[in-house]
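Asker: got a sequence here, can you model it:
(one chain, ligands or ions: 1)
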Amino acid sequence: MIRHHPDQNMLLEYAAGNLPWAVSLSVSAHLQLCPQCRRHCENLNHLGGNLLDDSEPQPTADDALQRLLDRIEVAERQSAEEPRTATDTRADKRGSNDPALANLPRVIDKLVRNNWPLKWQRVSPALKMSRLKSGQDRYEVAFHRIGRGGKTAEHDHRGQEVVLVLHGRFSDADGVYGPGDFLVREPGEVHRPIATQDQECLCFSVVEAPVAVTGLLGWLVNPFLSFRPG
Ligand SMILES: [Zn+2]
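Answerer: Residues are numbered from 1 along each chain as shown. I've put the predicted structure just below:
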């Protein structure tokens, strides 16, 4: 059961097409996993449509919402209908030996295919990361995977971090998070994710700026020190 969702403001910005692309990708992936937020977004879109119906005609912006909806529809159709390539076939093999990557939300699966084969960098005994090229210069987009029971270094953030749990669970001082849970870490928040003992944990993260280290040896194991936007 998903317990952590994008807040109302983020869903509004998403529906209006105002979020940076990397963040909207995380929201879009959450929506694919979360019927509750999907319904909420549909209501926002209806509301937006009604507001446009009631408003005075604006020569330049009155079709903005419809254009946005058209764009989303076209993007979703393209994603569903894209011809399968040799890269796809190679990437499809990942499911057989990597259960964490087997059932990804479609938008993330597409990113994986574009970055296949993934290059995993061992950050610490418990933590591996794989940066994903996304064409973004303001955000670093990456997978983080924490081994069973693995503890990561305590770190805080200079910029916003958006995390979507895709497989397994992790906990920090604030709670336990499982598949579909969506978290936003604001600048200055300190946390130390620990995976549960039963399985490894895979997260999709979008980080706005480098992360500061709070633990004495944190710099040794801080995955974000070499911030590399994709
Ligand atoms: Zn949700």
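
Asker: quick check, residue 176 in a strand?
Answerer: Yes - under DSSP: H, G, I helix; E, B strand; the rest coil, residue 176 falls within a strand.

Asker: how many neighbours does it have?
Answerer: 13 (other CB atoms under 10 Å). Quick note: C-beta positions are derived from backbone N, CA and C, even for glycine.

Asker: nearest spatial neighbour of residue 183, chain-adjacent residues omitted?
Answerer: Setting aside the residues directly before and after it, residue 183 is nearest to residue 163 in space (CB to CB, 6 or more residues apart in numbering), at 4.5 Å.

Asker: how about the contacts made by the one you found?
Answerer: The contact partners of residue 163, by CB atoms under 8 Å, 6 or more residues apart in numbering, come to 177, 182, 183, 184, 185, 203, 204, 205.

Asker: doesn't it belong to a strand?
Answerer: Yes - checked against three-state DSSP, residue 163 lies within a strand.

Asker: element containing residue 26?
Answerer: helix 21-33 (DSSP states H and E).

Asker: should've said residue 205
Answerer: Per DSSP H and E: strand 201-207 holds residue 205.

Asker: that strand - contacts with which helices or strands?
Answerer: Packing contacts for strand 201-207, counted by 3 or more CB pairs under 8 Å, 6 or more residues apart in numbering; DSSP states H and E, involve helix 21-33, strand 140-146, strand 161-167.

Asker: the longest one near the ion at all?
Answerer: No - applying CB under 5 Å from the ion, one finds that helix 21-33 is not in contact with the ion, the shortest distance being 5.6 Å.

Asker: what comes up buried for that helix?
Answerer: 22, 23, 24, 25, 26, 27, 28, 29, 30, 31, 32, 33 (16 or more other CB atoms under 10 Å).
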